[in-house]
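Undergrad: below is the structure, and that's it, no one-letter string:
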């Protein structure tokens with residue numbers, strides 16, 4: 001059987017798969033923050049996991065970031081309470097809805113507001129360190145290893161009129177800028193300790209679907225050859241954004257075309273999003 005013609009926008013038909021080179025239960029595309037978290041949770045649920053990363057190392061755009069998480073609600077995190085703040089879930093929710101603008105997804109914002117403290121606790125359980133220290137002035141990313149910061153417009157009108165202001169930026173204990181690398185190092189170490197099958201230099205090319213449209217696996221390029229991956233329990237796409245795909249930026253976020261220096265990695269070409277759309 002000849003190799004099927006497929007791409008991120010055109011799935012590979014299950015009937016055209018010439019062979020199965022790799023068999024797993026959960027296949028994850030992308031070893032940044034999302035892919036690492038997905039792998040940890042999938043293993044925790046009892047699945048055999050194979051993680052595919054197109055580059056030669058982990059991190060993605062997550063490793064380029066400050067590693068900051070926007071956390072609040074449920075009365076406040078331990079460092080918020082230690083600094084004297086009580087952060088009610090409704091205040092957190094209202095601020096996120098306003099900051100998200102007219103297209104904010106209310107259901108997702110509500111879910112995040114109600115569960116962000118548990119999310120933060122989960123991150124700490126993976127080994128990411130945080131200090132119980134607070135910087136009282138607004139700052140985007142601290143150059144010190146302090147944790148709690150004002151990083152949004154919480155104290156500015158009209159936000160302050162609708163939601164009680166509270167600092168919610170939580171940054172890892174890391175001296176200098178770039179705490180995202182520390183965050184990724186901790187998550188990657190956890191992924192490796194759990195025995196996840198990690199395949200670097202492996203670029204996902206297309207999803208594999210059956211006649212009913214169900215995803216059965218994916219096609220991955222390894223050593224410049226297509227490899228066919230059977231995923232018995234599903235594929236999780238964590239392949240990054242589309243900032244390096246200027247056509248997608250033009251169609252979906254044209255204001256960002258003004259930026260001469262897009263922030264991201266070459267892998268942020270939108271291919272993972274295109275694969276999702278294709279099915």
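TA: Cool, got the structure. These figures come from a predicted structure and were not determined experimentally.

Undergrad: longest helix anywhere in the chain?
TA: Counting residues, the longest helix found in the chain (DSSP state H) is helix 106-125.

Undergrad: what residues sit buried inside that helix?
TA: 109, 112-113, 116-117, 120, 123 (16 or more other C-beta atoms under 10 Å). Bear in mind the C-beta positions are built from the backbone N, C-alpha and C, glycine included.

Undergrad: what does stretch 201-214 give?
TA: Within stretch 201-214, the residues scored as buried using 16+ other C-beta under 10 Å are 202-209.

Undergrad: so how far is residue 165 from residue 89?
TA: To residue 165, residue 89 is 15 Å away according to C-beta to C-beta, to the nearest Å.

Undergrad: which helix or which strand is home to residue 231?
TA: Assigned by DSSP states H and E, residue 231 belongs to strand 225-237.

Undergrad: show me what the helix or strand immediately after that strand in the chain is packed against.
TA: Where DSSP H and E defines the elements, the next helix or strand beyond strand 225-237 is helix 246-252. On a contact count with 3 or more C-beta pairs under 8 Å, 6 or more residues apart in numbering; DSSP states H and E, helix 246-252 meets no helix or strand.

Undergrad: how about helix 246-252: buried residues?
TA: Neighbour-count burial for helix 246-252 [16+ other C-beta under 10 Å]: 248-249.

Undergrad: who does the next helix or strand along the chain from it touch, helix- and strand-wise?
TA: Using DSSP H and E, the next helix or strand after helix 246-252 towards the C-terminus is helix 271-278. Helix 271-278 sits against strand 202-209, strand 225-237, with contacts defined as 3+ C-beta pairs under 8 Å, 6+ apart.

Undergrad: how does it look with 6 Å?
TA: For helix 271-278, the elements it packs on are strand 225-237, judged by 3 or more C-beta pairs under 6 Å, 6 or more residues apart in numbering; DSSP states H and E.

Undergrad: contacts for the strand it packs on next, please.
TA: With contact meaning C-beta atoms under 6 Å, 6 or more residues apart in numbering, strand 225-237 is reached by 3, 17, 20-29, 38, 47, 215, 217-220, 272, 275-276.

Undergrad: is residue 157 in a helix, a strand, or coil?
TA: coil (DSSP: H, G, I helix; E, B strand; the rest coil).

Undergrad: how long is stretch 255-267 end to end?
TA: 21 Å (C-alpha to C-alpha, to the nearest Å).

Undergrad: and if you look at stretch 168-176?
TA: Start and end residues of stretch 168-176 are separated by 19 Å (C-alpha to C-alpha).

Undergrad: state the mean pLDDT of it.
TA: Averaging pLDDT along stretch 168-176 gives 96.

Undergrad: please list all residues in contact with the residue nearest the centre of the chain.
TA: Centrality entry for the chain: nearest residue to the mean C-alpha point is residue 34, 3.2 Å, by C-alpha atoms, centre = their mean. Residue 34 makes contact with residue 238 under the criterion C-beta under 6 Å, 6+ apart.

Undergrad: figure out the helix or strand that it lives in.
TA: Here residue 34, judged by DSSP H and E, is contained in helix 33-44.

Undergrad: identify the residues contacting stretch 260-278?
TA: The contact list for stretch 260-278 (C-beta under 6 Å, 6+ apart) reads 8-9, 11, 29, 54, 60-61, 207, 237, 239-245, 248.

Undergrad: actually, stretch 5-17.
TA: 4, 206-210, 216, 219, 228, 271, 274-275, 278-279.

Undergrad: now the end-to-end length of stretch 61-79.
TA: Terminal residues of stretch 61-79 are spaced 27 Å apart (C-alpha to C-alpha).

Undergrad: any buried residues in that stretch, and which?
TA: By 16+ other C-beta under 10 Å, the buried positions in stretch 61-79 come out as 61-74, 76-77, 79.

Undergrad: next step: those residues restricted to helices.
TA: Members of those lying in helices (criterion: DSSP H): residue 79.

Undergrad: next step: the buried residues of stretch 61-79 restricted to strands.
TA: Using DSSP state E, the members of the buried residues of stretch 61-79 that fall in strands are 69-70.

Undergrad: which helix or strand contains residue 90?
TA: In the assignment (DSSP H and E), residue 90 maps to helix 89-100.
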